[in-house]
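Engineer: Attaching a predicted model along with its sequence, questions to come.
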Amino acid sequence: MVKDTTKTTKVMMVHGVGTHKPGYSTQLLEGLANKMGLNRFSKISKNITLNDVLETHMEFGNLRISRATNDDETQELLFYELT
C-alpha cells in the first residue's frame, strides 16, 4: 500500500453582493499560496459551469478550481472559487 504524504488544504471562496467574473479572487489565492510557501501554480484552472437542474440552458454560475504546490509537491492548496 502506498501512503499519500501530500498535505492538502482546501479553500472555498464565495463572492458576496454584486457581479463577479471567474478569477476575481486571484489575489487572495496568490497571497494564501505565498504565505503557505507554495510557489508552483497549475497552468490551467478547471472551470465547471453550473446549470439549473430543470432548465438546463440556464446557467447559475461557475466553479473555478486552481491548484498550487511547493517544489516537491508535499503540500498543495486546492482553491475553489464560486461565482
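Structural biologist: Looks like it arrived, so ask away.

Engineer: which neighbours does the longest strand anywhere in the chain have in its sheet, and in what orientation?
Structural biologist: For the chain, the longest strand by residue count, based on DSSP state E, is strand 59-69. Strands adjacent to strand 59-69 in the sheet, as given by DSSP bridges, are strand 40-41 (antiparallel), strand 46-51 (antiparallel), strand 75-82 (antiparallel).

Engineer: and among those strands, the most buried is which?
Structural biologist: Highest mean neighbour count of these: strand 75-82, a mean of 19 (counted as mean count of other CB atoms under 10 Å). No exception for glycine: its C-beta is placed from N, CA and C like everyone else's.

Engineer: and Leu29, what element?
Structural biologist: Leu29 belongs to helix 26-35 when assigned by DSSP states H and E.

Engineer: quick one: the longest strand of the chain to chain centroid distance?
Structural biologist: Its chain's C-alpha centre and that of strand 59-69 lie 5 Å apart, by CA atoms, centre = their mean, to the nearest Å.

Engineer: In that strand, which residues are buried?
Structural biologist: Neighbour-count burial for strand 59-69 flags Asn62, Leu63, Arg64, Ser66, Arg67, Ala68, Thr69 (criterion: 16 or more other CB atoms under 10 Å).
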